[in-house]
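[1] Sequence and computational prediction follow.
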Amino acid sequence: MAFLTMLVTGKQRGASLLEFAVAILVVGILMGLLLQRLWFYQGEAERVAVQMTVANVRAALEIKATQSKLLGRSNDLTLLTEENPLNLLKNKPVNYAGEFFSPSDDDIGEGNWCFDRTDKSLIYLLNFGKSFEDAQTKRLKFKVKLLRLPHSPAKPSGAPESAGVAFEQVKD
């Protein structure tokens with residue numbers, strides 16, 4: 001009987017080594033899952049930020065192209081293919097590194113934009129490579145292209161040419 005009362009009323013001195021190991025294992029698994037989700041959301045944030053910058057540039061190009069057409073200056077569209085498309089934005093992205101001639105990855109820095117003055121392209125150097133499944137390299141390259149519809153013989157001679165611009169991703 002004394003043994004039974006000692007089991008019931010005895011004070012527990014702390015966790016056993018097994019309980020401590022199980023607690024450490026559970027915390028480790030939870031931390032691993034948390035880090036995995038954190039890396040996933042960092043990649044998603046980068047992907048969305050790039051998509052938003054591209055969408056802003058496309059919108060600014062469309063506005064500029066429409067203004068040129070309304071003013072009857074379609075030849076201004078050719079100039080758009082030569083200049084930095086980020087100059088059309090009111091505010092450049094905070095991760096814009098500037099304009100370079102044939103920049104290296106060190107010049108740009110991971111997670112930054114730059115304009116390559118050599119081939120007139122806008123480059124983004126990926127920070128999280130897995131955020132873009134279709135990316136073959138760590139560089140995403142975009143270019144402003146002039147679009148002209150084929151000349152139609154049925155078009156009256158005084159009608160304006162149908163031209164536009166597009167901001168497209170190009171392969172290296």
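    The structure has been received and is ready for your questions.

[2] Flag the shaky bits of this protein, pLDDT-wise.
    Counting by pLDDT under 70, the low-confidence segments of the chain come to 1-12, 74-75, 129-136, 149-163.

[3] now the residue positioned nearest the centre of it, nearest residue through space, not along the chain?
    In the chain, the residue lying closest to the centroid (CA atoms, centre = their mean) is Val50, at 2.3 Å. Of all residues not flanking Val50 in the chain, Tyr124 sits nearest, at 5.7 Å (CB to CB, 6 or more residues apart in numbering). (Each C-beta comes from the backbone N, C-alpha and C, glycine too.)

[4] burial count for the one you found?
    Neighbourhood size, Tyr124 [other CB atoms under 10 Å]: 26.

[5] Equivalent analysis for Glu62, please.
    14.

[6] Regarding it, what is its secondary structure?
    Classification of Glu62 by DSSP: H, G, I helix; E, B strand; the rest coil places it in helix.

[7] Pairing partners for the helix or strand where Lys143 lies, with directions?
    If you go by DSSP states H and E, Lys143 is part of strand 139-148. Next to strand 139-148 in the sheet, as set by DSSP bridges, lie strand 121-125 (antiparallel), strand 163-170 (antiparallel).

[8] ok, and what's touching the shortest one?
    Contacts with strand 121-125, where a contact means CB atoms under 8 Å, 6 or more residues apart in numbering, come from 50, 53, 57, 84-86, 103, 105, 108-116, 138-143, 170.

[9] now do stretch 90-102
    Stretch 90-102 is contacted from outside by 49, 53, 84, 86, 103, 107-109, 111-118, using CB under 8 Å, 6+ apart.

[10] From Ala59, how far off is Leu38?
    Using CB to CB, to the nearest Å, one gets 31 Å for the distance from Leu38 to Ala59.

[11] cool, Asn84 as well?
    In this view, Asn84 and Ala59 are 16 Å apart by CB to CB.

[12] re earlier: list only buried entries from the contacts of strand 121-125.
    50, 53, 57, 84-86, 103, 108, 112-116, 139-143 (16 or more other CB atoms under 10 Å).

[13] And Asp105, how far from Phe128?
    For Asp105, the distance to Phe128 - CB to CB - is 15 Å.

[14] for Asp116, that is, sorry about that
    According to CB to CB, Asp116 and Phe128 sit 22 Å apart.

[15] Just the ones of the contacts of stretch 90-102 in strands?
    Among the contacts of stretch 90-102, the residues falling in strands (DSSP state E) are Trp113, Cys114, Phe115, Asp116.
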